[in-house]
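K.L.:
Prediction below, plus the sequence it came from.
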Amino acid sequence: MKKITKQTYLNWYEEMLFWRKFEDKLAQVYIKQKVRGFLHLYNGQEAVLAGALHAMDLSKDRMITAYRNHVQPIGMGVDPKRVMAELYGKGTGTSQGLGGSMHIFSKEHRFYGGHGIVGGQIPLGAGLAFADKYFERDAVTLTYMGDGATRQGSLHETFNLAMLWKLPVVFCVENNGYAMGTSVERTANHTDIYKLGLGYEMPSKAVDGMKPEVVAREMDEAIARARKGEGPTFLELRTYRYRGHSMSDAQHYRTKEEVAKKQEEDPIDYVLNHIYTNKWATEEDIKKIDKRVKERVSECEQYAEESPYPDKNVMYDTVYEQDDYPFLPHKL
């Protein structure tokens, strides 16, 4: 695995803080109805992405996830201004404003969504891995899902084939404790989700998802196994989300005391404390990072605000292959 150094922690702090503030801004503009539809935020789960990116080879590895998917493409290299523009529904967005919050994509940066169907991305992730194995591309696909998606039948079908064909895929369940408003305890007679992989003799493990260096270490091992042709791994990344399932979630299923207790484990604070403990940065250094983050978020907001909406012809062009489709009005 690449060394985890002083610079790694400083980079983690800046990127994780940017992801958090980027989504805090989205929450603000959502209330102003500048972002419409659903909005699922990642606050609290940033260490999962930070650790995974450290272990990946971003020149060839792939990532696919569900609909809590705004910061992952940024981590993979997508311009955050284009991500925010997509949420605004603007033509400069990653999908020309037609995908919105739940459907961020970037083929160029090997980020394959953004999927609104619970568990729908699980077999797709295995399919990406199958293609890489078939074409001998030496790439690994990280396939993310929420704890609720592990109750879908598609997971078991995919696990079976992935093990049978020894696909280069790492299955990652971000267990934040709740499937929408339903706790893990209410969905199965066990709470150790990683054990679902054991029935397929898949290497499976529970991982502390609040510490990026722990995630990086376990991801590195799983990615190395996949790259060597030894097949998939199933990691249960135990994390927590500080906001509701989506912006419309009143969160009646958990107490404010529970959330406050979990906020004591905030992964961004954890990284910052590690930096201070090791005297890798002064308060003045951190203030400079905070200022850069704030400026980056403002740039993203300005870009999204000033970008044009897509021409409505774009909507037809992406739906209809036949140019003279007979049911289209002659003048749009």
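P.N.:
Arrived safely, thanks for sending.
K.L.:
Okay, buried residues for stretch 181-188 please.
P.N.:
By neighbour count with 16 or more other CB atoms under 10 Å, stretch 181-188 contains the buried residues 184, 187. In short, each C-beta sits where N, CA and C put it, glycine included.
K.L.:
what is the mean pLDDT for that stretch?
P.N.:
On average, the pLDDT along stretch 181-188 is 90.
K.L.:
for stretch 48-61, same thing?
P.N.:
Stretch 48-61 comes out at a mean pLDDT of 98.
K.L.:
which other residues reach that stretch?
P.N.:
Contacts of stretch 48-61 with the rest of the structure, by CB atoms under 8 Å, 6 or more residues apart in numbering, involve 1-2, 4, 8, 12, 15-16, 19, 42, 63, 71-72, 75-77, 109-110, 137-142, 172, 174, 209, 211-220, 223, 237, 239, 267.
K.L.:
so residue 75 is in which element?
P.N.:
helix 71-76 (DSSP states H and E).
K.L.:
now that helix: how far from the chain's centre is it?
P.N.:
Its chain's C-alpha centre and that of helix 71-76 lie 7 Å apart, by CA atoms, centre = their mean, to the nearest Å.
K.L.:
likewise stretch 157-168?
P.N.:
Using CA atoms, centre = their mean, the offset of stretch 157-168 from its chain centre is 22 Å.
K.L.:
Mind listing residues that contact that stretch?
P.N.:
122-123, 125-126, 129-130, 132-133, 139-141, 169, 171, 196-197, 200-202, 226-227, 229-232, 234.
K.L.:
What residues sit buried inside it?
P.N.:
In stretch 157-168, counting by 16+ other CB under 10 Å, buried: 158-159, 162-163, 165-168.
K.L.:
Now flag whichever of those is closest to residue 102.
P.N.:
Residue 102 lies nearest to residue 158 out of the buried residues of stretch 157-168, by CB to CB, at 20.7 Å.
K.L.:
backbone phi and psi for that closest one, please?
P.N.:
Main-chain dihedrals, residue 158, degrees, to the nearest 10: phi -70, psi -40.
K.L.:
ok, so what distance separates it from residue 6?
P.N.:
In this view, residue 158 and residue 6 are 40 Å apart by CB to CB, to the nearest Å.
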